[in-house]
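> No letters, just coordinates:
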């Protein structure tokens, strides 16, 4: 009996020690422990969690990270690389202010490690795109509700992004322009399909309530006008389109006539598709700035 109890106690102790010593496995876990090690100025732990080969070369990215607790945002994992939006206290110590940077990770031999050099460069040599990338990440995190409610806030943010876009380097601008042109064309096609579907519904249900028909006619007209602006895609045109799509979604969801029910399902699916394509646009735009 005593022997059995001893075996159970020993097994419990081994499991507890193993759990306490388990290595972080996901990019999120690795990034969290990496920044904890930075805050503790633990060069050995930083080297274990990153691509830093020699702990003696640990430089702390030329900053004191004592008691720094970062916030983490959107995570993108692409095969053997990952990026995590990381919000850090501002370098000047301004109260409440946070600066967004990217923690870069690589998968080496099955283990996720922070790319020490690349992450350090992002912190020590900030890009003029930092502000824009922060806006993109915040928009991406909130995108799921974009087309189901008023997009005034989204439009305002995209207006601000349009102004900040002017700070791009020439090379980054060229890459971003290609991404914007592709997204503009895709958005035009989506809006044209939605507009045609609305016009078809108007034609098929001419006896529908006047209030519903008026809402559909206004929606089709707004989509047409906003779509024309996308002939020369920029953030102002995207902001206008986001507002038109949000208003379209709100109007379509308020239709009272049952005869439009099958159309509403199609329209909802189309708006979901636009939302997904917009998320992809933000991801592509972020990648173009790296």
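Good, I have the coordinates. Because the structure is a prediction, the values reported are computed rather than measured.
> Residue 88: how many residues sit nearby?
20 (other CB atoms under 10 Å). C-beta: built from backbone N, CA, C; applies to glycine.
> Shouldn't it be within a helix?
No - Residue 88 sits outside any helix when classified using DSSP: H, G, I helix; E, B strand; the rest coil, being strand.
> Quick check: beta-bridge partners of it?
Using DSSP bridges, the beta-bridge partners of residue 88 come out as residue 99.
> is it true that residue 102 touches residue 87?
No - using CB atoms under 8 Å, residue 102 makes no contact with residue 87, being 10.8 Å away.
> more crowded one of those two?
Per other CB under 10 Å, whichever of residue 102 and residue 87 has more neighbours is residue 102, with 23 against 14.
> where do the helices sit along the stretch 1-150 of the chain?
Assigned by DSSP state H, counting those that start in this stretch, the helices in the stretch 1-150 of the chain fall at 2-21, 27-39, 43-49, 116-124, 130-141.
> and those helices, which one is worst for confidence?
Note on the helices of the stretch 1-150 of the chain: helix 2-21 shows the lowest mean pLDDT, a mean of 39.
> Verify the stated contact: residue 211 with residue 256.
Yes - using CB under 8 Å, residue 211 makes contact with residue 256 at a distance of 7.2 Å.
> Need the overlap of contacts for those two.
Residues touching both residue 211 and residue 256 (CB atoms under 8 Å, 6 or more residues apart in numbering): there are none.
> count of residues packed around the closest residue to residue 273 other than its chain neighbours?
Spatial nearest neighbour of residue 273, excluding adjacent residues (CB to CB, 6 or more residues apart in numbering): residue 190 at 6.7 Å. Applying other CB under 10 Å, we find 20 residues neighbouring residue 190.
> change the start of the numbering to 891 and stick with it
Fine by me, first position is 891 from now on; the one you just mentioned is residue 1080.
> Tell me which other helices or strands the helix or strand encompassing residue 1080 touches.
In the assignment (DSSP states H and E), residue 1080 maps to helix 1060-1094. Counting contacts by 3 or more CB pairs under 8 Å, 6 or more residues apart in numbering; DSSP states H and E, helix 1060-1094 packs against helix 1100-1119, helix 1125-1143, helix 1151-1178.
> These: which one's closest to residue 929?
Smallest distance to residue 929 across those (CB to CB): 26.5 Å, for helix 1151-1178.
> mean confidence score for stretch 1093-1111?
Averaging pLDDT along stretch 1093-1111 gives 88.
> what does that stretch rub up against?
Under CB under 8 Å, 6+ apart, the answer for stretch 1093-1111 is 1085, 1088-1089, 1091-1092, 1137-1138, 1141-1142, 1144-1147, 1149-1150.
> For that stretch, which residues meet the burial criterion?
1095, 1098, 1102, 1103, 1105, 1106, 1109, 1110 (16 or more other CB atoms under 10 Å).
> between those, which is closest to residue 917?
Once CB to CB is applied, the member of these that ends up nearest residue 917 is residue 1109, at 41.9 Å.
> so how far is residue 1112 from the spatially closest residue to residue 949 that is not a sequence neighbour?
Distances taken as CB to CB, 6+ apart place residue 1010 nearest to residue 949, at 7.7 Å, with adjacent residues excluded. Going from residue 1010 to residue 1112 by CB to CB, to the nearest Å gives 48 Å.
> go on, residue 946?
In this view, residue 946 and residue 1112 are 63 Å apart by CB to CB.
> And the two? Which one has more around it.
Remark: of residue 946 and residue 1112, residue 1112 carries more neighbours, 20 against 8, as counted by other CB under 10 Å.
> Could I get the contacting residues of that one?
So residue 1112 contacts 1134, 1137, 1138 (CB under 8 Å, 6+ apart).
> Noted, bye for now.
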